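Peer 1: fold the following and give me the result.
(chains A, B, C and D)
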4 protein chains.
Amino acid sequence: MIFASDNWAGAHPKVSAALATHSGGFSRGYGDSDLDRKVAQTFAEIFDHEVAVFFVGTGTAANALSLTLANRPGGVAFCHYASHAIEDEGGAPEYFTGGARLAKVEGRLGRMDPAALQASIDHHPAAFIHAGRPMAVSITQSTEIGTLYSLDDISAISAICRNEGLPLHMDGARFANALVALGTTPAEMTWKRGIDMLSFGATKNGCWCAEAIVLFDEAKATEMAFIHKRAAQLYSKSRFIAAQFDAYFEDGLWLENARHANALAARLAGHIRASRKLRLAWEPQANEVFAVIAKKEQERLAGKGAVFFPWHTPHEMEIAADEDICRFVTSFATTADMVDAFGELIG
Amino acid sequence: MIFASDNWAGAHPKVSAALATHSGGFSRGYGDSDLDRKVAQTFAEIFDHEVAVFFVGTGTAANALSLTLANRPGGVAFCHYASHAIEDEGGAPEYFTGGARLAKVEGRLGRMDPAALQASIDHHPAAFIHAGRPMAVSITQSTEIGTLYSLDDISAISAICRNEGLPLHMDGARFANALVALGTTPAEMTWKRGIDMLSFGATKNGCWCAEAIVLFDEAKATEMAFIHKRAAQLYSKSRFIAAQFDAYFEDGLWLENARHANALAARLAGHIRASRKLRLAWEPQANEVFAVIAKKEQERLAGKGAVFFPWHTPHEMEIAADEDICRFVTSFATTADMVDAFGELIG
Amino acid sequence: MIFASDNWAGAHPKVSAALATHSGGFSRGYGDSDLDRKVAQTFAEIFDHEVAVFFVGTGTAANALSLTLANRPGGVAFCHYASHAIEDEGGAPEYFTGGARLAKVEGRLGRMDPAALQASIDHHPAAFIHAGRPMAVSITQSTEIGTLYSLDDISAISAICRNEGLPLHMDGARFANALVALGTTPAEMTWKRGIDMLSFGATKNGCWCAEAIVLFDEAKATEMAFIHKRAAQLYSKSRFIAAQFDAYFEDGLWLENARHANALAARLAGHIRASRKLRLAWEPQANEVFAVIAKKEQERLAGKGAVFFPWHTPHEMEIAADEDICRFVTSFATTADMVDAFGELIG
Amino acid sequence: MIFASDNWAGAHPKVSAALATHSGGFSRGYGDSDLDRKVAQTFAEIFDHEVAVFFVGTGTAANALSLTLANRPGGVAFCHYASHAIEDEGGAPEYFTGGARLAKVEGRLGRMDPAALQASIDHHPAAFIHAGRPMAVSITQSTEIGTLYSLDDISAISAICRNEGLPLHMDGARFANALVALGTTPAEMTWKRGIDMLSFGATKNGCWCAEAIVLFDEAKATEMAFIHKRAAQLYSKSRFIAAQFDAYFEDGLWLENARHANALAARLAGHIRASRKLRLAWEPQANEVFAVIAKKEQERLAGKGAVFFPWHTPHEMEIAADEDICRFVTSFATTADMVDAFGELIG
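Peer 2: Below you'll find the model as predicted:
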């Protein structure tokens, strides 16, 4: 009963198989192989748009380099206070950008509130040099707490960005989970709604190590190529990432994996909803479920082999002192048996 | 006849198999899995020393983060003028260190000359704040041009480092090739000769993406952990690197691969030595062979399917205007047939 | 009626005279002149402690370099949300530190709340590499809104710092104003209460350009010397700063100037207290007075020649939509006539 | 007999007087005062061109921020190997740019050789991401060793820059000395010959602390304003720099001071030329004289009160082991008596 994180899983068998298939032969390094180019083309097809694609090894790198591309002296990026960039990247965005600031924006249920975003931007008037200047906005889809921005939510954020002349970045570490939950297209969830840069994550959804920065403005490709190389993210045998993506996109494996994970999250939520001991912290929308659990009960469940972790409590919630909000994550590797075994445990 | 680079190969079948084997199941992320720990222990055994090991995705990351650990305000690192850090890392060492300088040190045949190193260090007296201050020395083994530092060569460099209070880093992107060529032990080629930090490369020698920073002073581990995370090099599913290393070290695969590559380099050198059209630029000592080739002949060979590239001419050499020094690299994936086919071409 | 800022004044005549006096002759540059050394000695006497002193040109430099000295990979510094480092330094602290984060700590009336500080530190557990790690705490004395930390307030903060192993920095851009307001000694307000590093400002209190970083741990001097030089803050003719400090400390000019400024702030506060149109936002404790003023009234006052600016409203306060909290700053150059003329205007 | 450096002098009496004159009254801070604006206008008049002017405190800051403006990811700037940026700025250019590299270009007598520059640029082909990419060229006028680029020399460098699409920066720490030596105009020595950015130094030539970045492309002003603020170089009472420049430019004081210094350098060179014990290392062209002096003779001269320092020997020169090349610098404050006294000493 491992619900610790979607990165506790390994790789999907088809991804492993692709790595084996492509391990022979010789091909150009540093992103120039036929396979690299084929996958870049697949990205363009999936997004129905010309794109510049850069493979990176971690979601942190994808986020940090995207913000580096956007940054300028005195730059301030705006993120939800509980975003990965702020909570879990060890200062990488500030480091790679050479000292940009991440301004924390409030918002309920993991989503940036547009009014709070506008107020935060207004705190840094462009002509007032002392306060720094806005340089980008970054949202996470699905959010750190398993909720979603609706398409209209994204439009509301991007309208502000357009008005302020700011690029809009999406941290898509769980892009596929959001996509299938919304039942929309990659184009619709990104550039059609005003996204300029995307951290496209595949690691959590069935790959070993496959993340990509997707830029919808190809003119930025040259600049990003130097940022990417300088950041030690240009892999010599980059086709090992291409091979993973190749399998990931083949026959819709990525969507299938995401649907599987989301469905099991819903199933898990059902068990929790039915439990007298746990309660759902909020309705899950993708592959993460959050439940309020008494500390003693957490111990009991851990003793029975359930693996999950407490999480930060959102600003708008209050829980009792002897409780935590705990996170449960499902993935392509989670099984219904695992979920039901946990359900039995809390029944 | 692909001699372009050892990173044009894919992965050794045993490495691919290991990735498949470990792709199932769940385990802790971010370097905390059993497999990560097992591999770290293997490193300690191989080096016969307590070590702190950090997996990274590229040799550039390994070098840049090692120098970041060593750096201090105004810091200057000393590298051979033709080193990878200077020629091929897109400014990553300067970027990750926050602006350290790489001072170019002269030396014949790819090796730093100890007297030149001492003179370069002396150019930055510790008490003269204007010139910056020495912070590390970095050597490459085997060198960028396929030569070796003998054990005594390493000792000569490290004696200067000890005297100056400077840490000594080894860029071991081709560590295994040097090791088997010298017929020595990992311990002897590193800490016993004064190496403090090692970029241990496995990618070029049979892995997809497996590099490690090896610190012989475990007390530096905490500091490096933050440097590593902040640099976006802490992989969530880091066991995908561990799995590669696991196979790499199993039954001496790494040594076998290196011996194979070196032997084919020697065989290739034999063909070139025998050729009337090409001449060896210098005697190869590991898995890289350099030959002086007229530009017209290069075109002819390329037309016949031989893939190799011209290289920078070392400072101490002179060649004719219509010639280049060209590099040929062999790897675990190179075959004797390939080498002999090339031999026939130049016969 | 200029109350815009204490940096709208020029220099005190005695400071100008000192610059003229020392403009002749020759002496060593880069901080090595007799006058530089004499002033460094004066700092030691004033603080009754061995100190390392570094002259810098701006308070921003003093703050940013102090935090740079304290920083380490993944570092997070803790500052009051309305501090100068956060609101007015154009991102310099993040930039000079190479990407440290400034965490905003809450607290009423411009003072960091110890409990909020502890909670903010606890958000970054030392062993949890993902969140970054605490590296310093910075408080401002007098605060950005003209209030003071009592000596016990400072002790409460420094107790947390000692417990957490964090250095404590004081932004003393208005150090003298705080000192005379508290009626204490420099030693008591700093190292005796746990301050490790001080940005000592003299510019606002009668100098043209005289700021100093004061380190109470002399062992940090060598490291800071390189940080200082690398930051372009080592002046060739640094005795021009020394000369200003020499006059500043001579016969207690600095204390006299501060007392003058504070007294006029109190006088101004008296006028505001008596006014029916304005109300004091809070009781001033040093040389800054904050008043709640209707926007229309602000226009009327500006039309009559009063110069002052609206300020950010502290989190704990609420004002009407047609009002602002406005700041009035007095300095050595402010006159009682100026203050009384304003008093008449609002009577 | 102080010939140690032109920064061992203090300030010219007229500069001191200007500081006293402007020390009273109130005016806007942060570069917005009437005096700041007047001086900016004077710069435009002197250069006969619209300019954006930023006051900074040190020549190091002027150089480092100019290169920061020019830099881009992977950027390499090209400087003469003996330039101030490389030899004497403690790593500031690399630090402020966030890790740009300074490539050392060869050239006799302190001047960058155009062919060597072209070769160095060619070493970093724009499409080869691994080597970094050229971002700027910086020359020093007068050079670090007291020689000059003729106007045609500047044109030869700028022709390369234009062709390569690189901005050309001039380190004019001793701009006035070069200007009067060449007998040309500021416009002719800068933008008319292809200079894009200028570090305009006044400190060495009669001010306390007055340096300016002059941009001949006003469109860069907004970007530089944030770079300048973020670098802690925006002075609150910036009119203290403006006042110095105001006096400096008034009635041609700057040219007069430079002519005086140059004339005394020529006079000193005459004494050395006539001496049997010393010999001129090369013909001086501005206010620095270099002489080859035996170490024993240096001691004797020092014993008699002459202050000067040994310098790095240019690559193209050879001197005996018991000799040094020593530098003598004259300034507005040097007197003919001082020079003649030294002449007598070496007669």
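Peer 1: got a pLDDT number for the residue in the stretch 201-347 of chain A that chain D sits nearest to?
Peer 2: In the stretch 201-347 of chain A, the residue that lies nearest chain D is A:Phe226 (3.9 Å; CB to the nearest CB). C-beta coordinates here come from the backbone N, C-alpha and C atoms, glycine included. We have a pLDDT of 98 for A:Phe226.
Peer 1: also A:Ala127?
Peer 2: For A:Ala127, pLDDT reads 82.
Peer 1: who's in contact with it?
Peer 2: Shown in contact with A:Ala127 (CB atoms under 8 Å, 6 or more residues apart in numbering or on different chains): no residues.
Peer 1: likewise for A:Pro134?
Peer 2: Contacts for A:Pro134 (CB under 8 Å, 6+ apart) come out as A:Gly75, A:Val76, A:Ala77, A:Phe78, A:Ile121, A:His124, A:Ala126, A:Glu164, A:Leu166.
Peer 1: let's see that with 7 Å instead.
Peer 2: A:Pro134 is in contact with A:Val76, A:Phe78, A:Ile121, A:His124, A:Glu164, A:Leu166, counting by CB atoms under 7 Å, 6 or more residues apart in numbering or on different chains.
Peer 1: over to A:Tyr30?
Peer 2: Contacts of A:Tyr30 (CB under 7 Å, 6+ apart): A:Leu234, A:Ser236, A:Ser238.
Peer 1: from the residues you listed, which are also near chain B?
Peer 2: When contact is defined as CB under 7 Å from any CB of the partner chain, the contacts of A:Tyr30 meet chain B at A:Ser236.
Peer 1: most neighbours among the contacts of A:Tyr30, which one?
Peer 2: In terms of neighbour count, A:Ser238 stands highest of the contacts of A:Tyr30 at 27 neighbours, by other CB atoms under 10 Å in any protein chain shown.
Peer 1: which non-adjacent residue is nearest it?
Peer 2: Leaving out its chain neighbours, the residue that sits closest to A:Ser238 by CB to CB, 6 or more residues apart in numbering or on different chains is A:Gly31, at 4.7 Å.
Peer 1: rewinding a little: redo the contacts of A:Pro134 as a markdown table? Include secondary structure and pLDDT.
Peer 2: A markdown table is the format used below for these (DSSP: H, G, I helix; E, B strand; the rest coil; pLDDT from 0 to 100):
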| residue | secondary structure | pLDDT |
| --- | --- | --- |
| A:Val76 | strand | 98 |
| A:Phe78 | strand | 98 |
| A:Ile121 | helix | 98 |
| A:His124 | coil | 94 |
| A:Glu164 | helix | 97 |
| A:Leu166 | coil | 98 |
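Peer 1: most neighbours among those, which one is it?
Peer 2: For these, the largest number of neighbours (other CB under 10 Å) sits with A:Phe78, at 30 neighbours.
Peer 1: what residues does the stretch 201-347 of chain A have near chain B?
Peer 2: So far as CB under 7 Å from any CB goes, the stretch 201-347 of chain A lies against chain B at A:Thr203, A:Trp208, A:Cys209, A:Phe226, A:Lys229, A:Arg230, A:Ala232, A:Tyr235, A:Ser236, A:Lys237, A:Phe240, A:Ala333.
Peer 1: what's the neighbour count on the residue of the stretch 201-347 of chain A closest to chain D?
Peer 2: Per other CB under 10 Å, the neighbour tally for A:Phe226 reads 19.
Peer 1: do the same with A:Pro114
Peer 2: Around A:Pro114 there are 17 residues (other CB under 10 Å).
Peer 1: chain D versus that one, what's the distance?
Peer 2: 26 Å (CB to the nearest CB, to the nearest Å).
Peer 1: check which helix or strand the closest residue to that residue other than its chain neighbours maps to.
Peer 2: Using CB to CB, 6+ apart and skipping residues adjacent in sequence, the residue nearest A:Pro114 is A:Ala156, 4.6 Å away. Element membership of A:Ala156 [criterion: DSSP states H and E] is helix A:151-164.
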